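*Asks:* quick one, what's the 3D model for this:
(one chain, ligands or ions: 2)
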Amino acid sequence: MARQFSSCSSSSATFSTSSFRNETHLYTKFTIVQTRTYSSTWVSQVRSRIYSGKHFVLKSSNGYPVNAVSLQDGLAEKPLSRESSDPLLMGSSTPSESGETESTLSITVIGASGDLARKKIFPALFALFYEDCLPENFTVFGYARTKMTDEELRNMISQTLTCRIDKRENCDDKMDQFLKRCFYHPGQYDSEENFSELDCKLKAKEENKLSNRLFYLSIPPNIFVDVVRCASQRASSKNGWTRVIVEKPFGRDSESSGELTRCLKQYLIEDQIFRIDHYLGKELVENLSVLRFSNLVFEPLWSRNYIRNVQFIFSEDFGTEGRGGYFDHYGIIRDIMQNHLLQILALFAMETPVSLDAEDIRNEKVKVLRSMKPLQLEDVVVGQYKGHNKSGKTYPGYIDDPTVPQDSLTPTFAAAALFINNARWDGVPFLMKAGKALHTRCAEIRVQFRHVPGNLYKRNFGTDLDKATNELVLRVQPDEAIYLKINNKVPGLGMRLDRSDLNLLFRARYPREVPDAYERLLLDAIEGERRLFIRSDELDAAWTLFTPLLKELEEKKIAPELYPYGSRGPVGAHYLAARHNVRWGDLTEDS
Ligand SMILES: NC(=O)C1=CN([C@@H]2O[C@H](COP(=O)(O)OP(=O)(O)OC[C@H]3O[C@@H](n4cnc5c(N)ncnc54)[C@H](OP(=O)(O)O)[C@@H]3O)[C@@H](O)[C@H]2O)C=CC1
Ligand SMILES: O=C1O[C@H](COP(=O)(O)O)[C@@H](O)[C@H](O)[C@H]1O
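*Replies:* Ligands and ions are numbered 1, 2, ... in the order given. Okay, here's the model as predicted:
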């Protein structure tokens, strides 16, 4: 169904109401392309695009461009792989025929005036540019209601750009070059007309080249669907791909999340939706699978036979400052547990995927989530921080935030015990703990191993055998590290044992700056790599686990246990762990 709009100043334009779904059309074309024999010239063009050229060395987090072909796979003989059905590289003809090297990439940040855009998205885009990871012809557009000129947007962005610590050369030049590619269009989120104007501006920059368009929804969730509707009908690409990165929250329970997915899918197909969970883009979370699947020493231990419990810990040493209005509607369980921690848990516990392809990994993750028992009230402890005076300084309580109702029962802390009912993990407690306004900022995964059977040295540990068990810690932040607590003989005469760390401290081993999660995820979205984004069935399964509990907490008006700002959280968390024979690893003296 084609529609006619004539809002562009120079000419009228034809839009297809389903054009946002153009990846589907291109998949259809792909089946035709696949039957072709790929000439060696074409192959070498792809190769050189991957490995040479200053620009367009697009590398996804899988280590090679998903849209191209793995060079290890006997490229010359094979047609494109499944992943390469992505329109970015394929189109309906070979790159040279379509002039595909002349493609353009437009990234539109919707909600450009906001906190996330300023602090994370624009800096991440600049970092990608700085590292020569963006294609030659790229444009960044900001879109929001706030009236701003291009120059004002550039000023705003420039305040948060930084150059890599280890590569400061040409920093100012690079910033100038980047800022010149940034533009702004003010508009309403539900105005098709305003999106048509945006489309005109995008077209002007694209100069009739193959256009690929990425929209980043950095806006409150109640306007996601309006934006997707307007963008799909008025500003999607007509000859390349169109993708949309959607920020959390993806609903607040199974029902609202399902409704959001249904609405988005009126305008987009699943493959166009990139639901971001920025924890999946963190270096150590990426490393979890590498550690497990590419080292012989871990995978054989990765089951109930050797692992006593696993802990996923998130703590922040600041409150909801400035985000109380948003937070009060969601609470810590929805803000951190149902997404960030649960995603890490799924990655941690999944079976070995068939390959590193997005669908293979996401298939395994969803199986884990579907094998889990939905949480009940007795499986959780909730808390809320209260004001506190320390060393002459006053720290506000959660309800002191003027945007939070005085009688709010919203948890700012929660601890939970989860179980995976499958052969590998039967009976192993997976504990989660997440809190704001605690004594420290950290995120880590802790794996506590079982006792050594018939340990010859047990009398050297006294009665507390837990103190002698091995513990593997992946410190996601700050100061990324992987360390394994082992028992060791203290040097000297006699036999004194000590628990020490085999320590891989990233800053010591890899003295280059670790990229921000948003960089990796933006690059993946540009590349069409979906591995680190949440598929709709994963999301459904995640909500199924948490929705009954969330409803019960709200219906029964469960009062959170108060804990002082800057403390270690409610003591209830210790009792919960103790009920499952667990001690929180982050609270022991040698944590
Ligand atoms: N900030 C963060 O650290 C994180 C944010 N997120 C998610 O990212 C998204 C963006 O977050 P953030 O930048 O903090 O959000 P903001 O509240 O800063 O909103 C972003 C922009 O959206 C517009 N906006 C705000 N409220 C409304 C409203 N009620 N109706 C219409 N437009 C509105 C404003 O732009 P204008 O008025 O100019 O139109 C604002 O600049 C949200 O979905 C959030 O949950 C996820 C993880 C972390
Ligand atoms: O998604 C969110 O994450 C941040 C914490 O992210 P981090 O990368 O700084 O650890 C959290 O503060 C926020 O409440 C939540 O919405």
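*Asks:* for the one residue in the chain that gets nearest to ligand 2, helix, strand, or coil?
*Replies:* Nearest to ligand 2 in the chain, going by Cβ to the nearest ligand atom, is D335, at a distance of 4.8 Å. Backbone N, C-alpha and C define where each C-beta goes, glycine included. Secondary structure assignment for D335 (DSSP: H, G, I helix; E, B strand; the rest coil): helix.
*Asks:* what's the burial count for it?
*Replies:* Neighbourhood size, D335 [other Cβ atoms under 10 Å]: 24.
*Asks:* that one touches F327, doesn't it?
*Replies:* Yes - the pair D335 / F327 is scored as a contact, 6.5 Å apart, by Cβ atoms under 8 Å.
*Asks:* who does E444 bridge with?
*Replies:* I313, R475 (DSSP bridges).
*Asks:* wait, what's in contact with it?
*Replies:* 311-313, 473-476, 586 (Cβ atoms under 8 Å, 6 or more residues apart in numbering).
*Asks:* which one of the residues you listed sits closest to N137?
*Replies:* Proximity of the contacts of E444 to N137 (Cβ to Cβ) peaks at V476, which lies at 35.5 Å.
*Asks:* can you give me the distance of the closest one to ligand 1?
*Replies:* V476 sits 16 Å away from ligand 1, going by Cβ to the nearest ligand atom, to the nearest Å.
*Asks:* ok, Y575 next?
*Replies:* Distance from Y575 to ligand 1, counting by Cβ to the nearest ligand atom: 31 Å.
*Asks:* name the element that residue belongs to?
*Replies:* Element membership of Y575, judged by DSSP states H and E, is helix 572-579.
*Asks:* hmm, back to that, out of the contacts of E444, who's nearest K180?
*Replies:* So of these, ranked by how close each gets to K180 (Cβ to Cβ), first place is V476, at 35.7 Å.
*Asks:* which residues touch L179?
*Replies:* Contact analysis of L179 by Cβ under 8 Å, 6+ apart lists 154, 157-158.
*Asks:* so it, which of the three states?
*Replies:* L179 - assigned by three-state DSSP - is helix.
*Asks:* ok so, going back, could you dump the contacts of E444 into a markdown table with pLDDT and neighbour count added?
*Replies:* Output for these, formatted as a markdown table (pLDDT from 0 to 100; neighbours: other Cβ atoms under 10 Å):
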| residue | pLDDT | neighbour count |
| --- | --- | --- |
| Q311 | 98 | 24 |
| F312 | 98 | 26 |
| I313 | 98 | 25 |
| V473 | 98 | 22 |
| L474 | 98 | 22 |
| R475 | 97 | 21 |
| V476 | 98 | 24 |
| D586 | 91 | 17 |
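*Asks:* on the pLDDT front, check the residue of the chain closest to ligand 2 for me.
*Replies:* On pLDDT, D335 comes in at 97.
*Asks:* quick one: which of the contacts of E444 is nearest ligand 1?
*Replies:* Using Cβ to the nearest ligand atom, the contacts of E444 come closest to ligand 1 at V476, 15.7 Å.
*Asks:* gap between the closest one and K282?
*Replies:* Distance of V476 to K282, given as Cβ to Cβ, to the nearest Å: 5 Å.
*Asks:* so what sits against both of these two?
*Replies:* Joint contacts of V476 and K282 (Cβ under 8 Å, 6+ apart) are A443.
*Asks:* list the contacts for F215?
*Replies:* Here F215 is in contact with 108, 110, 227, 231, 235, 242-245 (Cβ under 8 Å, 6+ apart).
*Asks:* likewise for M148?
*Replies:* Applying Cβ under 8 Å, 6+ apart, the residues contacting M148 are 113, 142, 156, 184, 186.
*Asks:* show me which of those residues neighbour ligand 1.
*Replies:* S113 (Cβ under 6 Å from any ligand atom).
*Asks:* residues in contact with the longest helix belonging to the chain?
*Replies:* In the chain, assigned by DSSP state H, the helix with the most residues is helix 536-555. Contacts to helix 536-555, defined as Cβ under 8 Å, 6+ apart, come from residues 250-255, 257-258, 261, 270, 273, 275, 333-334, 337-339, 342-343, 346, 362, 365-366, 369-370, 372, 374-377, 379-380, 382, 411, 418, 534, 558.
*Asks:* picking that back up, in CSV, list the contacts of E444 along with distance to L134.
*Replies:* Listed next are those as CSV, based on distance: Cβ to Cβ, whole Å:
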residue, distance to L134
Q311, 38
F312, 33
I313, 35
V473, 35
L474, 30
R475, 31
V476, 27
D586, 39
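*Asks:* residues near the closest residue to ligand 1 within the stretch 351-500 of the chain, how many?
*Replies:* Using Cβ to the nearest ligand atom, the single residue of the stretch 351-500 of the chain nearest to ligand 1 is T403, 11.3 Å away. By other Cβ under 10 Å, 12 other residues sit near T403.
*Asks:* just say helix, strand or coil for it.
*Replies:* At T403 the chain is in coil, as set by three-state DSSP.
*Asks:* equivalent analysis for T139, please.
*Replies:* strand.
*Asks:* contacts only, for the residue in the chain that ligand 1 sits nearest to.
*Replies:* Proximity of the chain to ligand 1 (Cβ to the nearest ligand atom) peaks at G114, 2.4 Å away. Contacts were defined as Cβ under 8 Å, 6+ apart; by that measure G114 touches 144, 218-219.
*Asks:* done for today, thanks.
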